[in-house]
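Colleague: starting from these lines, generate the structure:
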Amino acid sequence: MPDKEFEPRIKTLVQTLNDMEIPTFESCEGHLSPERPSHPYVDITLEPPICGISPRILFLLSRFIAEWNAYKPEEESWILRPNCYRYSHERGGGPYFLTLEPLEKNNQRNPRILQKHQEKADGLASFLKKKWEEIKYLENSLKSAKGDKK
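Modeller: Here you go, the predicted structure:
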């Protein structure tokens, strides 16, 4: 992905997703002002030609998020959902994006909830990075094992 400026409290998550070969389109760390989103999110593009996300990687991301959520209370859970309404006026509708965001919204613009979401974005990034490294290690081990058998 090209170098972009990211807000500091979402940067690690965006970079981790990009390292996992998941193309991100837009992100936000969340804000308390009414004109900006009140919670952090990352949009993942599904639209060609930018996309290139493989079904395998999308499956792994979904699996990793489910695993993260299995050990967290609901207020710390994140969801990956189709985003059919953002940008739809420009593109004629359709789920061109997936949005990764906290399950619990910060509709009251509570600073403590926002801070908690931002901390969990960093925690989720670390978790995803660890899981991705495990997958890469296993893939390399399998490739080596297949090479040894030939």
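Colleague: contacting residues around residue 76?
Modeller: Going by Cβ atoms under 8 Å, 6 or more residues apart in numbering, residue 76 touches 102, 116, 120. To be clear about C-beta, it is placed using only N, CA and C from the backbone, and glycine gets the same treatment.
Colleague: need those in a markdown table (columns: secondary structure and pLDDT).
Modeller: Shown next, in a markdown table, are the contacts of residue 76 (DSSP: H, G, I helix; E, B strand; the rest coil; pLDDT from 0 to 100):
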| residue | secondary structure | pLDDT |
| --- | --- | --- |
| 102 | strand | 94 |
| 116 | helix | 92 |
| 120 | helix | 94 |
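Colleague: looking at these, which is nearest residue 129?
Modeller: residue 120 (14.6 Å; Cβ to Cβ).
Colleague: grab the nearest non-local neighbour of that closest one.
Modeller: residue 76 (5.4 Å; Cβ to Cβ, 6 or more residues apart in numbering).
Colleague: alpha carbons only: can I get stretch 17-29 in CSV?
Modeller: In CSV, the C-alpha atoms belonging to stretch 17-29 read as follows (Å, rounded to 0.1, in the frame of the first residue of the first chain):
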residue,chain,number,x,y,z
LEU,A,17,-4.1,-5.2,8.0
ASN,A,18,-2.0,-3.9,5.1
ASP,A,19,0.8,-6.3,6.2
MET,A,20,-1.7,-9.1,6.1
GLU,A,21,-2.4,-8.2,2.4
ILE,A,22,-5.7,-6.6,3.3
PRO,A,23,-6.2,-3.4,1.4
THR,A,24,-7.6,-0.6,3.5
PHE,A,25,-9.4,2.4,2.0
GLU,A,26,-10.2,4.7,4.9
SER,A,27,-9.8,4.8,8.6
CYS,A,28,-10.5,6.9,11.7
GLU,A,29,-9.3,6.8,15.3
